[in-house]
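**Student:** my questions concern the predicted model and sequence given below.
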Amino acid sequence: MDHDDLRHWSKRAADWAHDYHKNLRDRPVRAQTKPGEVAAKLPTTPPEAADTPEAIFADFEAIVPDAMTHWQHPRFFAYFPSNAAPASMLAEQLVNSISAMSMLWQTSPAATEIEEVMIDWMRQAVGLGPEFCGTIHDSATTCTLSAVLTMRDRVTGWDSVDNGITGRKPMRIYASAQTHSSIDKAVRLAGIGQGNLVKIETDENFSMKPSALEAAIEADVVAGRTAAGVILCSGGTSIGAFDPLAECLTVAKRHDLYTHVDAAWAGNAMICPEYRGLWNGVEGADSIVMNPYKGIGAQFDGAIQFLRDPAPQIRSLGLRPDYLKTLGQEQVTDFNEWTVPLGRRFRALKLWFVLRAYGLEDLRNMIRNHVAWTAELCEAVRVLPDFEIVTEPRLALFSFRYAPDKPDANTLNSQLLQSINDDGRVYLTQTMHEGKFVIRFTAGTFDCTREDVMTTLDVLQEMSQTL
Ligand code: PLP
């Protein structure tokens, strides 16, 4: 395939994409595929001879779409959304065509400078002060890992950068039990050990208790352990918990701890001023992560990490070997020094396109609609016989349960969820909340309508009758 073929086939791909999106509602949301089914359709050895674009494209159409779970389906209500606006898809096509490495300013001046400006646009959009700058990583997990590595090295006075952490007193990181597993992973990867991630008690709203945080830090100090940092949750994955940032950050500051806020999902809603009370005090954090693909449609991959001061993170992650020096341009930003991998995609272009193509006003309206329709569905489920709301809506997320009084309610809800997803009209997922198997509902795809959300009600009623 050469560039002339590419021209032809990218037009075919654009037509295919148009039809795919226009007809998504006719497909089951979750793949109805059995394990091994796709692999069985592929040859077991790689081709020796070149295949034609026609044959490759035909196999794509025959094998792939039916075996995918459709994340852009308007009735995808599982996990958190990974939404993709048409303007974002267009930007990604252009990024693919250029296929640059954006590791240094010199290797992609436009990527670096658009990234700097997009971080500043997003900072303003979510209401953070001008003291914050930041960068774009692939995922929230990598942002959190970067923050944890910074916590680790900062608490050793940067000695660990050269000498590692072997032989030191145990280091402790504090987070609530509502934080995402990416925090556990980051603490593991940083060599601190998951056993040194202290899960702080939460209150009746599943928010971290500042007094319990203070007590845990003090107990560790007395026991000769090293308190290194605090990770707070603004919109937890399971049921959407929010920690009281202002109070917890005050405790962390009192102990001179580095702080990171995981707002991977809920950070998007902060473009609407009326939701900002949920992360009140966030401006006291050192590092904040949000995933624009979990709400405003700048598709995966891409996670924004806002940093009050990038210097500590650069001290942990930054290296400048001779072969990466930009000669004659010492003042430019080389974003690879802020992030774990050297190679970086040009992720800022889709933010630029999305923010311009819809404007903050349209994006706010989309998020407000998702929140309002979720609340409406929640009220409708509340009055269904045999259903109970387990956790109230937090932004566009709530959880519920069928037949809560039956002794085998966990099994029944698991069966109900499987039959809902086998039916295919909507896609929902589960969590365990206080020992109960509960079903989560969250709305967030770009093409989702009120009617799509309310379809869930029909599905719940029909599927629960079949149990
Ligand atoms: N934090 C929260 C609150 C999440 O919900 C998720 C994923 O859903 C993550 C972090 C991890 O995100 P990523 O896949 O970008 O690493």
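**Tutor:** Structure received.
**Student:** strands of the chain, residue ranges please.
**Tutor:** Assigned by DSSP state E, the strands in the chain fall at 133-137, 171-176, 197-200, 226-233, 258-262, 287-290, 303-307, 387-394, 397-402, 429-433, 436-442.
**Student:** quick check: residues of this structure near the ligand?
**Tutor:** 80, 139, 140, 141, 180, 182, 237, 262, 264, 265, 291, 303 (CB under 6 Å from any ligand atom). (Each C-beta comes from the backbone N, C-alpha and C, glycine too.)
**Student:** help me confirm that the last one comes into contact with residue 138.
**Tutor:** What it means is residue 303. Yes. Here residue 303 reaches residue 138: they are 6.7 Å apart, a contact under CB atoms under 8 Å.
**Student:** which one's more surrounded, those two?
**Tutor:** The neighbour comparison of residue 303 against residue 138 (other CB atoms under 10 Å) goes to residue 303, with 24 against 17.
**Student:** OK, contacts around that one?
**Tutor:** With contacts defined as CB atoms under 8 Å, 6 or more residues apart in numbering, residue 303 is in contact with 136, 137, 138, 139, 140, 142, 143, 264, 289, 290, 291, 292.
**Student:** and of those, the nearest to residue 411?
**Tutor:** Within those, proximity to residue 411 (CB to CB) peaks at residue 264, which comes in at 31.3 Å.
**Student:** what's the nearest residue to that closest one if we skip its chain neighbours?
**Tutor:** Closest residue in space to residue 264, ignoring its immediate chain neighbours: residue 140 at 4.0 Å, by CB to CB, 6 or more residues apart in numbering.
**Student:** I'd say the one you found and residue 263 touch.
**Tutor:** No. Look at residue 140 against residue 263 with CB under 8 Å: they stay out of range, at 9.1 Å.
**Student:** what touches both of these two?
**Tutor:** Common neighbours of residue 140 and residue 263 (CB under 8 Å, 6+ apart) are 289, 290.
**Student:** what about residue 189, distance to the ligand?
**Tutor:** 12 Å (CB to the nearest ligand atom, to the nearest Å).
**Student:** how about residue 133?
**Tutor:** In terms of CB to the nearest ligand atom, residue 133 sits 20 Å off from the ligand.
**Student:** ok, now residue 299?
**Tutor:** 12 Å.
**Student:** number of residues surrounding residue 27?
**Tutor:** 18.
**Student:** ignore the last one, residue 334
**Tutor:** Residue 334, neighbours per other CB under 10 Å, totals 21.
**Student:** residues touching residue 89, list them.
**Tutor:** Residue 89 sits in contact with 17, 299, where contact means CB under 8 Å, 6+ apart.
**Student:** hmm, try it at 10 Å
**Tutor:** The contact partners of residue 89, by CB atoms under 10 Å, 6 or more residues apart in numbering, come to 14, 17, 21, 72, 297, 299, 350, 353.
**Student:** grab the nearest non-local neighbour of the fifth one.
**Tutor:** Leaving out its chain neighbours, the residue that sits closest to residue 297 by CB to CB, 6+ apart is residue 85, at 3.2 Å.
**Student:** can you verify my assumption that the one you found contacts residue 356?
**Tutor:** No. With contact defined as CB atoms under 10 Å, residue 85 does not reach residue 356; the gap is 11.0 Å.
**Student:** wait, residue 234 touches residue 264, no?
**Tutor:** Yes. Residue 234 is within contact range of residue 264, at 8.8 Å (criterion: CB under 10 Å).
**Student:** those two: who's more crowded?
**Tutor:** Between residue 234 and residue 264, counting by other CB under 10 Å, residue 264 is the more crowded of the two (30 against 26).
**Student:** quick one: contacts for the more buried one?
**Tutor:** 80, 139-141, 143-144, 180, 182, 233-237, 288-295, 303-304.
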